[in-house]
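A.B. asks: Predicted model and sequence follow; I will ask about them next.
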Amino acid sequence: MSIDIGDRLRVLRLRHGLSQRDLAKRAGITNSTISLIESNRSNPSVGALKRILDGIPIGLAEFFALEPAAPRQAFYRADELVEIGKGPISYRQVGDRMGGRALQILKERYEPGSDTGQIPLSHDGEEGGVIISGRLEVTVDGERRILGPGDAYCFDSRRGHRFRCVGPNPCEVVSACTPPSF
């Protein structure tokens, strides 16, 4: 039996509310090192792992004693999507727990005239989506486009962005963002 150190570290880091950058700073290493370990592209020495775990803080024995998470559900019926934003904009999330996940998938519904707000959103990560029905005005760094069924968007989420339903009909979008932002 092999232990997935990268996944275990990511779950533990997220449980403690730490970003990769925060943990790296606490451990005195680069955040790219944390990223490489969590993606299993680098295997840390015991000493390096201990230094990283000291930044959480947790001991090596406790780290290796953690029970691995049960396998996650892979398939979801429409009624199993989790509502995380009720109102004129509905966000229905695939899966109920985002801890340890790198990707968040949403089925969004914008009522006519609904808007994410005058102040542009901005957060770490990337996001993209495909318009299923209706028309959605998407603004990214001041550039505005009206998208219809089959049209899509994809951008670095640190760029200021805003979404607004235009036209008389609701707009439905399937979107994804990484890392999860809700």
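C.D. replies: Sure, I can see it.
A.B. asks: residues in contact with the lengthiest helix in the chain?
C.D. replies: If you go by DSSP state H, the chain has its longest helix at helix 5-15. Defining contact as C-beta atoms under 8 Å, 6 or more residues apart in numbering, one finds that helix 5-15 is touched by 19-20, 23, 34, 37-40, 43-44, 49, 52, 56, 58, 63, 66, 68-69, 99-100, 102. C-beta here means a position set from N, CA and C on the backbone, and glycine is covered the same way.
A.B. asks: Now do the buried residues in it.
C.D. replies: 5-6, 8-14 (16 or more other C-beta atoms under 10 Å).
A.B. asks: which pair in the residues you listed spans the largest distance?
C.D. replies: Using C-beta to C-beta, the buried residues of helix 5-15 span at most 15.0 Å, a distance reached by I5 and L14.
A.B. asks: Run through this structure and note the low-pLDDT ranges.
C.D. replies: Where the chain drops to pLDDT under 70, the residues are 1-2, 67-71, 97-100, 182.
A.B. asks: domain parsing for it?
C.D. replies: 5-65, 78-178 (automatic domain parsing).
A.B. asks: Okay, strands next: where are they in this structure?
C.D. replies: If DSSP state E is used as the criterion, the strands of the chain fall at 82-83, 89-93, 104-110, 126-133, 135-140, 143-147, 152-156, 161-166, 171-178.
A.B. asks: Those into TSV, with extra columns for mean neighbour count and distance to Q118?
C.D. replies: Formatted as TSV, those follow (neighbours: other C-beta atoms under 10 Å; distance: least, C-beta to C-beta, whole Å):
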stretch	mean neighbour count	distance to Q118
strand 82-83	12	25
strand 89-93	19	14
strand 104-110	21	16
strand 126-133	17	20
strand 135-140	19	11
strand 143-147	13	13
strand 152-156	14	19
strand 161-166	20	8
strand 171-178	19	19
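A.B. asks: Turn these into a markdown table, including distance to P120.
C.D. replies: Listed next are the strands of the chain as a markdown table, based on distance: least, C-beta to C-beta, whole Å:
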| stretch | distance to P120 |
| --- | --- |
| strand 82-83 | 24 |
| strand 89-93 | 15 |
| strand 104-110 | 16 |
| strand 126-133 | 13 |
| strand 135-140 | 7 |
| strand 143-147 | 11 |
| strand 152-156 | 12 |
| strand 161-166 | 5 |
| strand 171-178 | 15 |
